[in-house]
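**Student:** Turn this into a model:
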Amino acid sequence: MPKIADIEATPNPNAMKFILKEPLTWGITRSYDSAEKAMGDKLALALFDIEHVINVFYVDHWITVTQNGQADWNSLKRQLADPIREAPGADAQTEARLQEAQENFDPMNLSEEDQVRLDKINELLDDQIRPFLQNDGGDVYVVSLEGNKLSVHYQGACGSCPSSLSGTLTGIENLVRQIEPDIEVVAV
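**Tutor:** Residues are numbered from 1 along each chain as shown. This next block holds a predicted model:
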């Protein structure tokens, strides 16, 4: 059972990041916008049972919970703490989920040339963007690469943060244009 080491505010005033002493997963990201999408994930379902919770995002040693803006954080944090503390840590179940995710991975049916382009873009995002977003309780992943259009999706605190859809998106596009000058980056 993970113990909470710290709770941090994020740039999104409606999201809070819980830092844990033990990991919930081993590198597997979980992101849900509703209880319906979280079926089979006991932790996420328990958090969605708490009024005002609209997004749950977690990986490794941290979890970000986003509320609808109508709850007092002091009260809500106390309610969220119990299910987080009761969640099982990373274990064999996580390993099984990793295997399942790898088996179901769809490489977007990219050509070999586009796969090389995508690998370079992901390497750039891994080095220059993701660490900062993860530090703030969120993340970004590539949904598709079609010609010169790169579609990305924000997770966790970044998913509903106004700056992710303006400043961060522009920053990502400017960074990726260093290796792909004609690329357009859109958030989906």
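
**Student:** mind giving me the domain ranges of this protein?
**Tutor:** Following automatic domain parsing, one gets these domains for the chain: 4-103, 112-187.

**Student:** For residue 176, give me its contacts.
**Tutor:** 121, 124-125, 150, 183, 185 (CB atoms under 8 Å, 6 or more residues apart in numbering). Glycine gets a C-beta too; all of them are placed from N, C-alpha and C.

**Student:** of all these, which comes closest to residue 156?
**Tutor:** Proximity of those to residue 156 (CB to CB) peaks at residue 125, which lies at 15.2 Å.

**Student:** Which helix or strand in the chain has the lowest average pLDDT?
**Tutor:** helix 92-103 (a mean of 52; mean pLDDT, DSSP states H and E).

**Student:** helices and strands around the helix or strand following that one, which ones?
**Tutor:** Following helix 92-103 in sequence order, the next helix or strand is helix 112-128 (DSSP states H and E). Contacts defined by 3 or more CB pairs under 8 Å, 6 or more residues apart in numbering; DSSP states H and E place helix 112-128 against strand 138-146, helix 167-176.

**Student:** Helix 112-128 vs strand 138-146, what angle?
**Tutor:** Per axes from the mean of the first three to the mean of the last three CA atoms, to 10 degrees, the angle that helix 112-128 makes with strand 138-146 is 160 degrees.

**Student:** Nearest the middle, which residue of the protein would you pick?
**Tutor:** residue 155 (3.4 Å; CA atoms, centre = their mean).

**Student:** and that one, what element?
**Tutor:** Here residue 155 is assigned to strand 149-156, by DSSP H and E.

**Student:** Give me the contacts around that strand.
**Tutor:** In contact with strand 149-156 (CB under 8 Å, 6+ apart) are residues 15, 17, 29, 31, 55, 57-58, 64, 66, 121, 133, 137-145, 161, 164-165, 168-169, 172, 176, 180, 183-188.

**Student:** tally of neighbours for residue 151?
**Tutor:** The tally of other residues near residue 151 (other CB atoms under 10 Å) stands at 14.

**Student:** gap between residue 20 and residue 67?
**Tutor:** 19 Å (CB to CB, to the nearest Å).

**Student:** that older thread, would you format the helices and strands packed on helix 112-128 as TSV with distance to residue 6 and mean pLDDT included?
**Tutor:** Converted to TSV, the helices and strands packed on helix 112-128 look like this (distance: least, CB to CB, whole Å; pLDDT from 0 to 100):
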stretch	distance to residue 6	mean pLDDT
strand 138-146	17	86
helix 167-176	24	88
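
**Student:** Fine by me, thanks again.
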